[in-house]
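**Q** next one to model:
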Amino acid sequence: MPRDEKAHDHVDQRAKDFGGALKRIMSELRVFRWLVFWCLLCAAGGSIMSIVAPNQLSKITDLIAVGLVPGQSMDLSAIGQLALLLLFFYVSSAALSLAEGLIMSQISNRFAKTLRTQISEKINRLPLRYFDRHQTGDVLSRITNDVDTVTQSLDNSLSTAVSSSTLLIGTVVMMFWTNWLLAITAIIASLVGFALMVVILRKSQRYFVERQVALGKLNSHIEETYSGLNVVKAYNGKAQSDQKFDRLNKRVYRANQRSQFLSGLMHPIMAFVSNFGYVAVCIVGALMTSNGVISFGVIVAFIAYVRLFTSPLSDLAQIATSLQSAAAASERVFEFVDEAEMPSQQAITQRLDKNQVHGDISFQHVRFGYDDGEIIIKDFSADVKAGQKVAIVGPTGAGKTTMVNLLMKFYDINDGEIMIDGVSTKSLSRENVRDLFTMVLQDTWMFEGSVRENILYNRKDVSDEKIMQICETIGLAHYIRTLPDGLNTQLSEGDEVSAGQKQLLTIARGMIEDAPFLILDEATSNVDTRTEELVQAAMDKLMEGRTSFIIAHRLSTIKNADLILVMNDGNIVESGNHKNLMKQNGFYAELYNSQFAL
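**A** Numbering: from 1, shown residues only. Next comes the predicted model:
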């Protein structure tokens, strides 16, 4: 099946889950049940005040009409009392509506906070596998756009739905209590609006879902384009990027246009129904008044009732539109919240103290694949002694970084064991395993904050003297001294910081950590040759007394490693030190010599 057809089928299926999405929202709102109760009570109370007011207006009209008859006088005392009662009803309705709005604002804001908290906590429980398969921009769109859409829709819809429903039911009761014939006339005139509203709701829901999905894809494209803007410019990819942006933007435009067009039909339809109801009531009421069946005040009351009857219908139509947006957005939010998490570790009680770890690591017939049908690490076995400097080398795709990910327990192995001091990592928590390692990656990462905060990430009680000593060791101190505020200088991802300087900052961050194991994944890939010599000397000092794993493509940097594991196709094909491997003149020698070939 073509991709577009699959996407449309997926959108149609999600559009059918409209009721389920709303039920989930209501379920999440149970946390705020008392706030919701008072909000709905105020909404219902305000509607009731509006419902009983036309009855008083009818009585005032009849008293005035009596006074206009020659020879009759107005009962000003009764009119004054009814006017004060009418004023009380309208003021009470306005006050209750104000309270309803304030409470609903609290509910929607707290609900948004709760959703974002759930998402934030969920991110930390999701396996890396999820982020390998989903674009960052789409995840960000769920956290920002979709959450905002849900909360704004609730703010505009929940209390209004209750007040409109109360107003609708109460108005119908009052109309039948006042005059059943005029009540039937008004209701029949409004049935056309009900029928059209149902048809439009069923037709438009898929376009609200399609709009949220398309918006997520557009945000993904924008995020990846701007994060890789240098590559786009360097390869003159602006035209291709713009074409994709225009295509995704057009999808958002079309889905938004269709959904807004169909939802926009609600208001004119209900306006027509309201006007048609006025005409019907006036005609039938005039005939009944001329025959002496009802008084003129009943017509005045019914004109108010028709307004009250059609107004909640119009509001409910708008609410239905808003809830469609909420359902489409909430389905994406709850889809993220309901994603499969990493296995629970509550039953794990064993723990290794990093200050008492000896440093032995053993890989025993490790098998792993990112997908169950494709095994990358097929049968990896190796024994690493405490304090050894182990280099893992091999061609691209051989499984070097994957082994480090398994060692850090970023992924769970399919089969086999990884032992630390004779203890399987399966019996240790992820936090405990990662606390045993210092890791410096080839991908630099900086956050908005001072130089000190970037180096001391998640560490406390480290003096500036120690920080500068480490920076002096790796050649970063000169750069820090050139900054306007030294260690207090604020940095962000957009600042003019070179790739080499970012790499040195991450290396300094790793050197601050005091852990028994060290992992260097191409840690010197972004520094020049002279800086690399300084960093290499610093790394040698850092690796003293620690079991170290080094992944390097430049094999000249790992010649002094105690053990070199040569990987190819997920297996160890050779092992030994540099001198012995070169004598073997095998796969490692071929890799090493190829780096110096012209």
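
**Q** pretty sure residue 505 sits against residue 449.
**A** No. In this structure residue 505 lies outside contact range of residue 449 using CB atoms under 8 Å: 11.3 Å. Glycine gets a C-beta too; all of them are placed from N, C-alpha and C.

**Q** neighbour count winner among the two?
**A** residue 505 (24 against 13; other CB atoms under 10 Å).

**Q** element containing the nearest residue to the more buried one once chain neighbours are set aside?
**A** Of all residues not flanking residue 505 in the chain, residue 454 sits nearest, at 5.7 Å (CB to CB, 6 or more residues apart in numbering). In this assignment (DSSP states H and E), residue 454 forms part of helix 451-455.

**Q** residue 329 now?
**A** In the assignment (DSSP H and E), residue 329 maps to helix 296-337.

**Q** longest helix anywhere in the chain?
**A** Longest helix in the chain by number of residues (criterion: DSSP state H): helix 76-125.

**Q** after it comes which helix or strand?
**A** Stepping forward along the backbone from helix 76-125, the first helix or strand reached (DSSP H and E) is helix 128-133.

**Q** which helices and strands does the next helix or strand after that next one pack with?
**A** For helix 128-133, the succeeding helix or strand toward the C-terminus, using DSSP H and E, is helix 136-141. Judged by 3 or more CB pairs under 8 Å, 6 or more residues apart in numbering; DSSP states H and E, helix 136-141 is in contact with helix 180-227.

**Q** helix 296-337 and the helix it packs on, what's the angle between them?
**A** Put simply, helix 180-227 runs at 30 degrees to helix 296-337, going by axes from the mean of the first three to the mean of the last three CA atoms, to 10 degrees.

**Q** what comes up buried for the following helix or strand past helix 180-227?
**A** Sequence-wise, the next helix or strand downstream of helix 180-227 (DSSP H and E) is helix 229-234. Going by neighbour count (16 or more other CB atoms under 10 Å), the buried part of helix 229-234 is residue 232.

**Q** just stretch 412-424 next, same as before
**A** Buried residues in stretch 412-424 (16+ other CB under 10 Å): 413, 416, 417, 418, 419, 420, 423.

**Q** closest to residue 114 among the residues you listed?
**A** residue 413 (36.0 Å; CB to CB).

**Q** where does the residue lying closest to that closest one once chain neighbours are set aside land on pLDDT?
**A** In space, and not counting its chain neighbours, residue 413 is closest to residue 368: 5.0 Å by CB to CB, 6+ apart. Model confidence at residue 368, given as pLDDT, is 86.

**Q** okay, and the beta partners of residue 368?
**A** Counting by DSSP bridges, residue 368 is bridged to residue 377.

**Q** list the residues that contact it.
**A** Contacts for residue 368 (CB atoms under 8 Å, 6 or more residues apart in numbering) come out as 375, 376, 377, 402, 406, 411, 413, 414.

**Q** in strands only, show me those residues.
**A** Counting by DSSP state E, the part of the contacts of residue 368 found in strands is residue 377.

**Q** tell me the buried residues within the contacts of residue 368.
**A** 376, 377, 402, 406, 411, 413.

**Q** picking up where we left off before, among the contacts of residue 368, which lie within helices?
**A** Using DSSP H, the subset of these located in helices is 402, 406.

**Q** which one of the contacts of residue 368 is nearest residue 218?
**A** residue 411 (30.8 Å).

**Q** was I right to think that closest one contacts residue 405?
**A** Yes. In this structure, residue 411 is within contact of residue 405 by CB under 8 Å, at 5.4 Å.

**Q** what is in contact with the two at once?
**A** Common neighbours of residue 411 and residue 405 (criterion: CB under 8 Å, 6+ apart): residue 128.

**Q** so who does residue 409 touch?
**A** Contacts for residue 409 (CB under 8 Å, 6+ apart) come out as 425, 428, 430, 433, 434.

**Q** show me just the buried residues among the residues you listed.
**A** Listed as buried from those are 425, 428, 430, 433; burial here means 16+ other CB under 10 Å.

**Q** mind putting these into CSV with distance to residue 228 and secondary structure?
**A** Below are the buried ones among the contacts of residue 409 laid out as CSV (distance: CB to CB, whole Å; DSSP: H, G, I helix; E, B strand; the rest coil):
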residue, distance to residue 228, secondary structure
425, 35, helix
428, 37, coil
430, 30, helix
433, 32, helix
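
**Q** include distance to residue 549 and pLDDT when you put the residues you listed into a markdown table, please.
**A** Shown next, in a markdown table, are the buried ones among the contacts of residue 409 (distance: CB to CB, whole Å; pLDDT from 0 to 100):
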| residue | distance to residue 549 | pLDDT |
| --- | --- | --- |
| 425 | 14 | 89 |
| 428 | 18 | 88 |
| 430 | 18 | 86 |
| 433 | 14 | 88 |
